[in-house]
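*Asks:* structure for this input, please:
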Amino acid sequence: MPSSPIGRRVAVVGCSGSGKSTLARRIAEAKGLTYINSDELLWQPDWVERSKPAYYALVEQRIADEAWTFDGNLGGSAHIVLPRVDTLIWLDYPKPFVMWRLLRRTVRRAWTKEEIFSGNSESWRMSFASKDSILLYAWRSHGERRKHYDALWPTIDPSITKHRIRSQKELDALLKGAMI
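*Replies:* Predicted coordinates for the structure are as follows:
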């Protein structure tokens, strides 16, 4: 087990808008690790989803290194990612907290037309008037994501350091303990 509460092969999971990317990027910068954005591997230009086999191959390739942070959910890629992690952080925040953060982020991104990755950006129409809205997806999937990780959590290899974070205070304590 690593001496720090956060090791050198870290997966950050949680529902959409929970702060996975921000946390994984922060840990990577603080510890000198490679940051891997799972959405960047999944989504091609114009929001075209990569095939699952191609996505899994990219995930495998990127996590072959010895030091990285990976943000994303462990749906179909759990069999690839979990055997390689030494630290798993689950951002399990309450739905109202996540939705408020996601709303603020979505408005900012739609307003600034900030490129997220692969030339993709969020638009007002896509964010607020589409069946593919990230806000609608997050609202609908929050409970499912929690059930998924509630079931997965006890089955994870005990050699993996696990952190289930339910509040900003808990996250601050973890980062302070890891000197990040």
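
*Asks:* any stretches of the chain with poor pLDDT?
*Replies:* Within the chain, the stretches with pLDDT under 70 are 1-3.

*Asks:* helices of that one, start to end?
*Replies:* Taking DSSP state H to define them, one finds helices in the chain at 20-31, 38-42, 52-62, 78-81, 95-112, 124-128, 134-152, 168-177.

*Asks:* switch those over to CSV; also include distance to Ser118 and mean neighbour count.
*Replies:* C-beta coordinates here come from the backbone N, C-alpha and C atoms, glycine included. Formatted as CSV, the helices of the chain follow (distance: least, CB to CB, whole Å; neighbours: other CB atoms under 10 Å):
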stretch, distance to Ser118, mean neighbour count
helix 20-31, 14, 19
helix 38-42, 7, 20
helix 52-62, 12, 15
helix 78-81, 21, 16
helix 95-112, 14, 15
helix 124-128, 15, 15
helix 134-152, 16, 15
helix 168-177, 29, 13
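
*Asks:* so Arg166 makes contact with Asp92?
*Replies:* Yes. Between Arg166 and Asp92 there is a contact under CB atoms under 8 Å: 5.2 Å.

*Asks:* so which of those two has more stuff around it?
*Replies:* Asp92 (21 against 13; other CB atoms under 10 Å).

*Asks:* so what's that one up against?
*Replies:* Contact analysis of Asp92 by CB atoms under 8 Å, 6 or more residues apart in numbering lists 14, 18, 146, 149, 164-166.

*Asks:* among those residues, which lie within strands?
*Replies:* Judged by DSSP state E, the subset of the contacts of Asp92 located in strands is 14, 164-165.

*Asks:* among the residues you listed, which ones are buried?
*Replies:* 14, 165 (16 or more other CB atoms under 10 Å).

*Asks:* need the ones in strands among the contacts of Asp92 in JSON lines (columns: distance to Lys52).
*Replies:* As requested, the ones in strands among the contacts of Asp92 are arranged in JSON lines below (distance: CB to CB, whole Å):
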{"residue": "Gly14", "distance to Lys52": "21"}
{"residue": "Arg164", "distance to Lys52": "27"}
{"residue": "Ile165", "distance to Lys52": "28"}
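
*Asks:* I'd like to know which of the ones in strands among the contacts of Asp92 is nearest to Asp65.
*Replies:* For the ones in strands among the contacts of Asp92, the residue nearest Asp65 by CB to CB is Gly14; the value is 23.0 Å.

*Asks:* how much space between the closest one and Pro96?
*Replies:* Using CB to CB, to the nearest Å, one gets 15 Å for the distance from Gly14 to Pro96.

*Asks:* before we move on, what about Ser118?
*Replies:* Distance of Ser118 to Pro96, computed by CB to CB: 31 Å.

*Asks:* and what of Ala54?
*Replies:* Taking CB to CB as the measure, Ala54 falls 36 Å from Pro96.
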